[in-house]
Structures are given as C-alpha cells and as structure tokens.
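*Asks:* sequence plus the predicted model coming up.
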Amino acid sequence: MKKFVAFVVAVAAVPALVGPSFAQSDKQPATPPAATETEKKPAMPAPAKEAAVKSLAGEIVTMDQGTRTFTLKHMADKKPMQMTFNVEDPKMFTQFKPGDHVKVTYAEMGDKRIVRSIVKG
C-alpha cells in the first residue's frame, strides 16, 4: 500500500512541477539583450571571392571584336568541344587570328569565362 501511495504522489507531482516550464508567456522581455560587438557594426557585404583560375589549350576558331569574345576549339574526353571566352583587353585581338594554337588562362565568373592571359603555343 505504501508503494501505491508513493506512486500516486509521484504521478501527481511530475505534471505539477514540469507543467509550468512548458507554459508560454505573452509578455515580452522588458529590455532586449545587449547587442554584441559584431551586431553593433553595420553589415558589410562579403568580399567577392576570386574565381579559381583555370587553363586550357586549343585552336582559335572565331574572334568577335564587337562583343570582345572568341571561341576556342579543344579536345575533352577524346571529343572535340568549343568554349567561348570574354576578353577584357581588346589588344589581345590584334595579337591572334583564327587558326592560332594558344594556351588560355581564365577565370569563371558566373556563366562567363574571363581571359586572364593568352599565349601562342
């Protein structure tokens, strides 16, 4: 009988003790917590990451000075492929012509490939 009474008391006491911890309050804290040092500073945009520089060797197929692009034919997995590159310096167009074999170092920025350097080879 003592075990039964102890069990009933325990069953009644657990919800009485635990219940208030689950209750939600409609009140907001009187003062917001103090801002940390990083929260006080204005948000700065993340620095742009430098795109990974890649290189590729192939043959120039076409050059378009109006759009500052050229197309390079190369082999990938034993299949001929073509890639289009954007050139920032228009002087590069005067040094090369279609049919030249070149090695291009470029960076991918979104869907564009920006040429960093190009050499005959």
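*Replies:* Thanks, I have the structure now.
*Asks:* what's across from the residue nearest to E88 when sequence neighbours are not counted in the sheet?
*Replies:* The spatial neighbour of E88 that comes closest, neighbours along the chain excluded (C-beta to C-beta, 6 or more residues apart in numbering), is I114 at 6.5 Å. Yep, even glycine has a C-beta here, placed from its N, CA and C like the rest. Judged by DSSP bridges, the bridge partners of I114 are N86, A107.
*Asks:* I figured I114 hits A107, correct?
*Replies:* Yes: counting by C-beta atoms under 8 Å, I114 sits close enough to A107 to count as a contact (5.3 Å).
*Asks:* what sits against V11?
*Replies:* When contacts are counted by C-beta atoms under 8 Å, 6 or more residues apart in numbering, V11 touches no other residue.
*Asks:* element containing it, please.
*Replies:* Following DSSP states H and E, the helix or strand that holds V11 is helix 2-22.
*Asks:* in this protein, which spans are helices?
*Replies:* With DSSP state H as the criterion, the chain has helices at 2-22, 37-40, 92-95.
*Asks:* lowest average pLDDT across these?
*Replies:* Of all the helices of the chain, helix 37-40 carries the lowest average pLDDT, namely a mean of 53.
*Asks:* what is the least confident helix or strand in this structure?
*Replies:* Lowest by mean pLDDT, DSSP states H and E among the helices and strands of the chain is helix 37-40, with a mean of 53.
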